[in-house]
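Undergrad: how would this look folded up:
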Amino acid sequence: MMLFKKVSGCRYGKNKKAQKAVSGLLSRQDYLVVQGNDLAKSFGGLKSFEQRVLDYCFSFVSENDIADKMYEVSVLEVIRHFGLSASGNSYQRAAKALKTLNEITALYLPKTLPSGERGILMTQLFDTLFFGEAGTVQFRFSPNAAPLVFDLKKNFYSFHLQQLLSAENRYQELKQFTSKIKYQDQSTVFQHFVQEIKSR
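TA: Numbering: from 1, shown residues only. Coordinates of the predicted model:
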């Protein structure tokens, strides 16, 4: 894909090899984030619990927050929020989810330099993720990501969370439905399930 057009009158618009290299930075696994709602689509590789922890982090953002705000919560609040027991396994699960969020929430943002040169800024969603031995969890979004997070929270994420909830409910319904007709083949089970959903 050709991501950038030639910038007239600017030497940066003439290097086709560089343009091709910039375009090649994005593989099928990566996602160019242009606006807030793209942020919700860019972390498709997260497991269910990791996605829920990310949603939980986004839920802390309020309308009047500043870009470098540090959010703080106790890990006990986190595990209670998800209905987990206050056991060592739950603490480890929360810590592992935060570690994963730190490692795989890379962002690729379009950026134009004052000179007019356009390119891709490679950054991270989080600037800070802290997991303390007393059970303190702190996190801060990176300066480049914060405006997108605020936009996401304002314009899209309530709908996204509703979609996630709906998907989870549909999954539970499918599990219950398949258990009722478990002796039939999978294609028949799926057809029955689709018909039941359509009839609602």
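Undergrad: which other residues reach the helix or strand that R93 is a member of?
TA: In this structure, R93 sits in helix 88-104 according to DSSP states H and E. Residues outside helix 88-104 that contact it (C-beta atoms under 8 Å, 6 or more residues apart in numbering): 43, 45-47, 49-50, 53-54, 57, 75, 78-79, 84, 124-126, 129, 131, 135, 137, 139. Heads up, the C-betas are built off the backbone N, CA and C, glycines and all.
Undergrad: Can you point out the buried residues in it?
TA: Neighbour counts over helix 88-104 (16 or more other C-beta atoms under 10 Å) mark 90-91, 93-94, 97-98, 100-101 as buried.
Undergrad: which residues of this protein fall in strands?
TA: Secondary structure of the chain, counting by DSSP state E: strands at 71-74, 106-112, 118-124, 126-131, 136-141.
Undergrad: ranking these by burial, who's on top?
TA: strand 136-141 (a mean of 19; mean count of other C-beta atoms under 10 Å).
Undergrad: Tell me which residues touch G44, please.
TA: Applying C-beta under 8 Å, 6+ apart, one finds that G44 lies in contact with Y31.
Undergrad: in this protein, which spans are helices?
TA: Assigned by DSSP state H, the chain shows helices spanning 16-24, 36-41, 48-58, 75-81, 88-104, 146-155, 157-180, 186-198.
Undergrad: Could you give the average pLDDT over the fifth one?
TA: The average pLDDT for helix 88-104 rounds to 91.
Undergrad: quick one on the thing from earlier: filter the contacts of helix 88-104 to the buried ones?
TA: In these, burial by neighbour count holds for 43, 46, 50, 53-54, 57, 75, 78-79, 84, 124-126, 129, 131, 135, 137, 139, counting by 16+ other C-beta under 10 Å.
Undergrad: I'd like the strands of the chain written out as CSV, with distance to V22 added.
TA: Written out in CSV, the entries for the strands of the chain read as follows (distance: least, C-beta to C-beta, whole Å):
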stretch, distance to V22
strand 71-74, 33
strand 106-112, 10
strand 118-124, 6
strand 126-131, 25
strand 136-141, 25
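Undergrad: K16 is nearest to which of these?
TA: For K16, the closest of these is strand 118-124, at 13.7 Å, according to C-beta to C-beta.
Undergrad: Do I have it right that H81 meets C57?
TA: No: under the contact definition of C-beta atoms under 8 Å, H81 does not touch C57, with a separation of 11.4 Å.
Undergrad: Excluding residues flanking it in the chain, which one is nearest R52?
TA: Distances taken as C-beta to C-beta, 6 or more residues apart in numbering place F82 nearest to R52, at 6.6 Å, with adjacent residues excluded.
Undergrad: No more questions from me, cheers.
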